[in-house]
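Q: what's the 3D shape of this:
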Amino acid sequence: MDMMDIQAMFSGPDGAYRFARWRRPIVPVVFGVEDATLAVFKGAFQAVCHVAGHDMAETDAEMGANLMVFFCRDWAELGQVPGLDQLIPDLAGLVRRLTEAGANQYRGFRHESDGAIRAGFVLLRLDDRMSSIPAEVIALTQAVQVILLWGNQAFDALPALTVTEGRAVLSPDIARLIRAAYDRVLPDASNDPSHALRLSARLASSPSQ
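A: Coordinates of the predicted model:
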């Protein structure tokens with residue numbers, strides 16, 4: 001990946017560059033699944049945090065949990081989750097838009113004053129397509145997609161996961177980019193496209209494995 005590839009991965013539909021990573025340790029919690037799936041998600045978040053060199057924790061001092069994953073069968077179910085409308089602005093409007101679009105997933109973030117990720121919210125609707133995907137693949141995909149503030153089309157050209165020996169694993173190129181993005185020398189957030197050049201330089205100097 002060169003600078004332009006990286007810049008595209010952190011650009012929105014308007015073409016503006018928006019990079020952000022977590023500063024505080026990630027504290028995930030998953031609602032609406034069985035205990036076995038909870039363990040799968042925790043393992044996926046731990047794996048991606050390990051790649052990033054970032055920490056997980058048991059609790060966040062301000063929020064308790066700062067990465068919340070909600071599974072549902074119908075988007076309307078989210079309106080019945082106590083307090084969710086206090087965490088996600090205009091939840092009713094969001095539910096309406098997701099329903100109209102036929103979407104099966106949504107990710108949203110709250111940010112620190114300087115733009116770093118403060119909290120993340122993942123909403124997943126178990127439609128026929130989502131239900132056909134192994135829990136391990138869903139968990140690892142979502143873990144990758146919340147570790148950074150990616151652009152909407154970040155993984156169109158380069159998928160986040162690859163298959164090795166019949167098992168879905170993190171793409172080596174994506175793993176290297178995540179690792180570079182969490183270099184302590186870099187800022188936690190940036191809207192300057194030249195930030196992509198700094199990421200590119202770190203990729204060029206890092207080992208391929």
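
Q: all strands of the protein, in order?
A: Taking DSSP state E, the strands of the chain run over residues 19-20, 28-31, 67-72, 105-111, 117-125, 161-164, 167-170, 189-190.

Q: deepest in the core, which of the ones you listed is it.
A: Comparing these by mean neighbour count (mean count of other Cβ atoms under 10 Å), strand 19-20 comes out on top with a mean of 24. Every residue, glycine included, has its C-beta placed from N, CA and C.

Q: got a list of contacts for that one?
A: If you take Cβ atoms under 8 Å, 6 or more residues apart in numbering as the criterion, strand 19-20 is touched by 10, 109, 111, 115-117, 148-149, 181, 188-191, 195-196.

Q: centre of the chain versus it, how much separation?
A: If you compare the mean C-alpha spot of strand 19-20 with that of the full chain, they lie 12 Å apart, counting by Cα atoms, centre = their mean, to the nearest Å.

Q: hmm, back to that, residue 200: which of the strands of the chain is closest?
A: With distances scored as Cβ to Cβ, the stretch of those nearest to residue 200 is strand 19-20 (12.7 Å).

Q: out of the helices and strands in this protein, which is least certain?
A: Least confident element among the helices and strands of the chain, by mean pLDDT, DSSP states H and E: strand 161-164 (a mean of 87).

Q: can you put the strands of the chain in CSV and add distance to residue 80?
A: Rendered in CSV, the data for those read as follows (distance: least, Cβ to Cβ, whole Å):
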stretch, distance to residue 80
strand 19-20, 31
strand 28-31, 12
strand 67-72, 9
strand 105-111, 17
strand 117-125, 13
strand 161-164, 32
strand 167-170, 32
strand 189-190, 34
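
Q: residue 90: which of those strands is closest?
A: With Cβ to Cβ as the measure, strand 105-111 is the member of the strands of the chain nearest residue 90 (10.8 Å).

Q: show the average pLDDT along the closest one.
A: Model confidence over strand 105-111 averages 95 on the pLDDT scale.

Q: just stretch 46-63 next, same as before
A: Averaging pLDDT along stretch 46-63 gives 94.

Q: from one end of that stretch to the other, what's the distance?
A: The stretch stretch 46-63 measures 20 Å between its terminal residues, going by Cα to Cα, to the nearest Å.

Q: return the set of buried residues in that stretch.
A: Using 16 or more other Cβ atoms under 10 Å as the test for burial, stretch 46-63 gives 47, 48, 49, 51, 52, 54, 60.

Q: looking at it, the fifth one is touching residue 181, isn't it?
A: Yes - applying Cβ atoms under 8 Å as the test, residue 52 and residue 181 come out as touching, 7.3 Å apart.

Q: re earlier: among the buried residues of stretch 46-63, which two are most distant?
A: The most widely separated members of the buried residues of stretch 46-63, counting by Cβ to Cβ, are 51 and 60 (21.1 Å).

Q: pull the distance from the least confident helix or strand of the chain to the chain's centre.
A: On Cα atoms, centre = their mean, the centre of strand 161-164 falls 18 Å from the chain's centre.
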